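[1] the following comprises the amino acid sequence and a computationally predicted model.
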Amino acid sequence: FCRRMVSSNTTVVEGVSMTRPRLHVDHLVWVVQDLDDGIVAFEALTGVRPVIGGRHLGIGTHNALVTLGDRQYIELLAWDPSQLHAYPWLGVDSLELPKLTAFCAEPDDVSWRLEDLTERAREHAGYEAGSVVELSRLAHNGGTLKWRLAADNHKRGFSELPGGGLVPFLIDWSPNELPHPAQEAEARTVGCSLAELCGWHPEPTVVQATLAALGADVCFSQGIQTGRVPRLEAVLDSPKGRVVLK
């Protein structure tokens, strides 16, 4: 095991103490070729069967969900054959499937707006996270889930994801009046939890700097390690023991 990295929550700018943003993993994106087949594969790996989530209208994808506990989940994502494919967001076009392509992070402190985080990333790391937009999807049991998202850099194919998928897109659930997706899936998919998120990259210090500017470096307890190619893995505790989702 590598040394655990601990980041301070406070920075000092020109003698003034400023609270540093701190993000947590909201959800992991596991892209699969076919949603039904992906559900079967995940159950075979973990012993937990994902439940159908909903459709991303206008984008062309649909998903299934597995709760990881309080306000944290896994999204199985696939092209929706009933829709036209708008663009390959979140690396859904990856040629190697299934694959953990990306993850989403949310501020611990709601006083940190997504606009604040994107500005901070620009100033501290030169990272352009893009605009903040309102999105929604139809929930499987009726109603509409609503959220705010900063994900311009993730509306891309897998080869163009920032940091090879190691830099998260950002979410704010404050507009939502329905249960969080983790709670939506909780009654039927209890059994998995996230033990650790791991990442490798040929230029780990560059990725680490971007993560720190966003406040997402704390999502990786071991930091970003040196690797030949970018790689994201999640270590899960499951009914079948400790498994790796990659």
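    Received, thanks.
[2] tell me which residue lies nearest the centroid of the protein.
    residue 103 (1.9 Å; C-alpha atoms, centre = their mean).
[3] which element is that one on?
    Applying DSSP states H and E as the criterion places residue 103 in strand 99-107.
[4] what packs against that strand?
    If you count contacts as 3 or more C-beta pairs under 8 Å, 6 or more residues apart in numbering; DSSP states H and E, strand 99-107 packs onto strand 23-31, strand 169-172, strand 231-238. (C-beta placed from N, C-alpha, C; glycine too.)
[5] can you add distance to residue 125, mean pLDDT and mean neighbour count and give those strands back as JSON lines?
    Formatted as JSON lines, those follow (distance: least, C-beta to C-beta, whole Å; pLDDT from 0 to 100; neighbours: other C-beta atoms under 10 Å):
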{"stretch": "strand 23-31", "distance to residue 125": "14", "mean pLDDT": "97", "mean neighbour count": "24"}
{"stretch": "strand 169-172", "distance to residue 125": "14", "mean pLDDT": "96", "mean neighbour count": "23"}
{"stretch": "strand 231-238", "distance to residue 125": "19", "mean pLDDT": "98", "mean neighbour count": "19"}
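[6] and residue 191, which of those is closest to it?
    Closest of these to residue 191 is strand 231-238, at 6.1 Å (criterion: C-beta to C-beta).
[7] quick one: mean pLDDT for the next helix or strand after that closest one?
    Using DSSP H and E, the helix or strand that follows strand 231-238 towards the C-terminus is strand 241-245. On average, the pLDDT along strand 241-245 is 98.
[8] run through who's touching strand 241-245.
    Applying C-beta atoms under 8 Å, 6 or more residues apart in numbering, the contact partners of strand 241-245 are 28, 30, 45, 46, 74, 100, 195, 233, 234, 235, 236.
[9] got any ranges where the protein has weak pLDDT?
    1-18, 140, 187 (pLDDT under 70).
[10] quick one: the strands in it?
    All strands of the chain, identified by DSSP state E, fall at 10-13, 16-19, 23-31, 51-56, 61-67, 73-79, 99-107, 132-139, 144-150, 169-172, 193-201, 224-226, 231-238, 241-245.
[11] take those strands and write them to CSV, including distance to residue 38.
    Shown next, in CSV, are those (distance: least, C-beta to C-beta, whole Å):
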stretch, distance to residue 38
strand 10-13, 41
strand 16-19, 40
strand 23-31, 7
strand 51-56, 11
strand 61-67, 7
strand 73-79, 5
strand 99-107, 11
strand 132-139, 18
strand 144-150, 20
strand 169-172, 21
strand 193-201, 18
strand 224-226, 27
strand 231-238, 15
strand 241-245, 12
